[in-house]
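**Q** Turn this into a structure:
(4 chains)
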Protein chains: 2
Amino acid sequence: MPRDMSDDDFRRLDAMMGTSQVVRRGETLFRIGDPFHNLYAVRSGSIKTIVVHRDGGEQVTGLYLPGDPLGLDGVSDDHHATEAVALEDSSVCVFPFGQFETLCHDVRPMQQHFHRMLGVALVRHSNLLLMLGTMSAEQRVAAFLLNLSERFRVRGYSPTSFSLRMTREEMGSYLGIKLETVSRMFSKFQKHGWLETNGKAVHLIDLDALSRV
Amino acid sequence: MPRDMSDDDFRRLDAMMGTSQVVRRGETLFRIGDPFHNLYAVRSGSIKTIVVHRDGGEQVTGLYLPGDPLGLDGVSDDHHATEAVALEDSSVCVFPFGQFETLCHDVRPMQQHFHRMLGVALVRHSNLLLMLGTMSAEQRVAAFLLNLSERFRVRGYSPTSFSLRMTREEMGSYLGIKLETVSRMFSKFQKHGWLETNGKAVHLIDLDALSRV
DNA sequence: CGAATTCTTGATACCGATCAATAGATGTGG
DNA sequence: CCACATCTATTGATCGGTATCAAGAATTCG
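**A** Got it, this is the predicted structure:
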């Protein structure tokens, strides 16, 4: 949230996001083509966004953790360009975009904050593109784990022990590789003593080694 | 440009973008880490943006044609996250971002237009992700050509005959494949009679066939 | 607890990368 | 404007990393 906002401004933001919404594991928050009404912020749980190819192929384009803004892709033309699916039972804050835009207009820091959010989303995609365009399967999985580690750390959770809510297939889709390859990389890393896995639970042991891959 | 802006608003926009800047082939408009001061719009020529991996590997993340907005990635944290390089002698309009943000604040349609621009950039990246994550080399090259075709068409140029200012290597980087593979795909398409190439000049013959790949 | 999903591991196939050599295009200075 | 040097493109041969196919083990969830 932006600094230097007055108490009054905060009250307006609060009033707007009064509503909160629950999304159960596997349920969708919005679909491709849905009219764009709301922005969301993940409150708890985790959510993926996907785009769909005409022959049914899916590509995971984003992974959202508590605190992350969601739904920005709808800003382009009043329709969502991606589909958001909950990876586990989750809840989100709902911000009606019309009101949000008005608030941005009235409150300068809010406007700047919103622009930053969009900018951050762009940069995150650039990094994903770099990964998909230049890295080996091994590097992708390592970079993915380190990225998650950092995001958990920033949020005050353990950067070395966490639970992956995605299936191997979803990770593969996010990373542009097949689920078997993801599994093999986990096995390889474990053999090297760089991490330990137990199903969805992961414990990172040697972050340095992973970043040198 | 947004509809429903008053003449006065247009005058302010005009005044702001008074400056125009020339970028010669191979020169950079901004580099990674540069402080973010300006937004740009391509006026003539073409420009690529790249991100750089720590071991020097480059990935082309964007290709900008006349009319396209450029530099939005700097909005995230006041520093550019990509580097912009001219593919040919080009010129751009320069918009000081501070003034631009003020204008967005004062003029509602301008604010909405700016939000849309950011949204469109996000969606374009999502589509690139889909390409890099799920498509074969053949499909990538075909999709790339069709995308260019469409963009030229919208701009009033021929959708079937145009000049590629990028090298095979740059196309490969954009598409996540090697230059030799790009070349092979061009040869293959030509053998099928779907297009003709003469160095950088391309003539598309069978758009349908390309889209069915 | 039991059915269904997800994960791991192995064997094999194939696409695209790599290495290499030639041909063609581009640009520069005389 | 041409000659030469450099950069770019094409094509072939070979190699390697991932995908694919398959079967069994482990986990998850109703």
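**Q** any weak-confidence spans in chain A?
**A** Along chain A, the model assigns pLDDT under 70 to residues A:1-11, A:13, A:15-18.
**Q** The residue most central in space within it: what's its closest spatial neighbour, skipping adjacent residues?
**A** Central residue of chain A (C-alpha atoms, centre = their mean): residue A:64, 2.2 Å from the mean position. Distances taken as C-beta to C-beta, 6 or more residues apart in numbering or on different chains place residue A:47 nearest to residue A:64, at 4.6 Å, with adjacent residues excluded. For glycine as for every other residue, the C-beta is placed from the backbone atoms N, C-alpha and C.
**Q** That neighbour contacts residue A:83, correct?
**A** No. Using C-beta atoms under 8 Å as the test, residue A:47 is too far from residue A:83 to be in contact (10.4 Å).
**Q** more crowded one of these two?
**A** Per other C-beta atoms under 10 Å in any protein chain shown, whichever of residue A:47 and residue A:83 has more neighbours is residue A:47, with 25 against 19.
**Q** Specify the beta-bridge partners of that one.
**A** residue A:64, residue A:86 (DSSP bridges).
**Q** host element of the closest residue to residue A:186 other than its chain neighbours?
**A** Once flanking residues are discounted, residue A:186 sits nearest to residue A:197: 5.5 Å by C-beta to C-beta, 6+ apart. Using DSSP states H and E, the element containing residue A:197 is strand A:195-198.
**Q** sorry, back to before: neighbours around the residue nearest to residue A:186, how many?
**A** Counted with other C-beta under 10 Å, the neighbours of residue A:197 add up to 15.
**Q** Please tell me how far it sits from residue B:77.
**A** As judged by C-beta to C-beta, to the nearest Å, residue A:197 and residue B:77 stand 34 Å apart.
**Q** and if you look at residue A:76?
**A** Separation of residue A:76 from residue B:77 (C-beta to C-beta) stands at 22 Å.
**Q** DNA strand D contacts on chain A?
**A** Within chain A, the positions lying close to DNA strand D (C-beta under 7 Å from any atom of the strand) are A:25, A:136-138, A:172, A:176-178, A:180-181, A:198-200.
**Q** Which among these count as buried?
**A** Among these, those buried by neighbour count (16 or more other C-beta atoms under 10 Å in any protein chain shown) are A:137-138, A:172, A:176-177, A:181.
**Q** Select from those residues every entry located in helices.
**A** A:137-138, A:172, A:181 (DSSP state H).
**Q** Tell me the one of the residues you listed nearest residue A:118?
**A** If you rank those by distance to residue A:118 using C-beta to C-beta, residue A:172 comes first, at 28.2 Å.
**Q** so who does the closest one touch?
**A** With contact taken as C-beta atoms under 8 Å, 6 or more residues apart in numbering or on different chains, residue A:172 is in contact with A:178-179, A:181-182.
**Q** Those: which ones sit near DNA strand C?
**A** Checking those against DNA strand C (C-beta under 7 Å from any atom of the strand), the matches are A:179, A:182.
**Q** could you dump the contacts of residue A:172 to CSV with distance to residue A:30?
**A** Converted to CSV, the contacts of residue A:172 look like this (distance: C-beta to C-beta, whole Å):
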residue, distance to residue A:30
A:178, 28
A:179, 26
A:181, 30
A:182, 27
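**Q** is the biggest helix by length in chain A anywhere near DNA strand C?
**A** In chain A, assigned by DSSP H, the helix with the most residues is helix A:108-134. No. Applying C-beta under 7 Å from any atom of the strand, one finds helix A:108-134 separated from DNA strand C by no less than 9.4 Å.
**Q** quick one, helices of chain A?
**A** A:7-16, A:97-106, A:108-134, A:137-154, A:168-175, A:179-191, A:207-212.
**Q** For the last one, which outside residues touch it?
**A** Spelled out, it's helix A:207-212. A:142, A:145-146, A:149, A:159-160, A:189, A:192, A:194-195, A:204.
**Q** before we move on, the earlier item: looking at residue A:76 and residue B:77 now, which is surrounded by more residues?
**A** residue A:76 (21 against 13).
**Q** The more buried one - nearest residue in space that isn't next to it in sequence?
**A** Of all residues not flanking residue A:76 in the chain, residue B:119 sits nearest, at 3.1 Å (C-beta to C-beta, 6+ apart).
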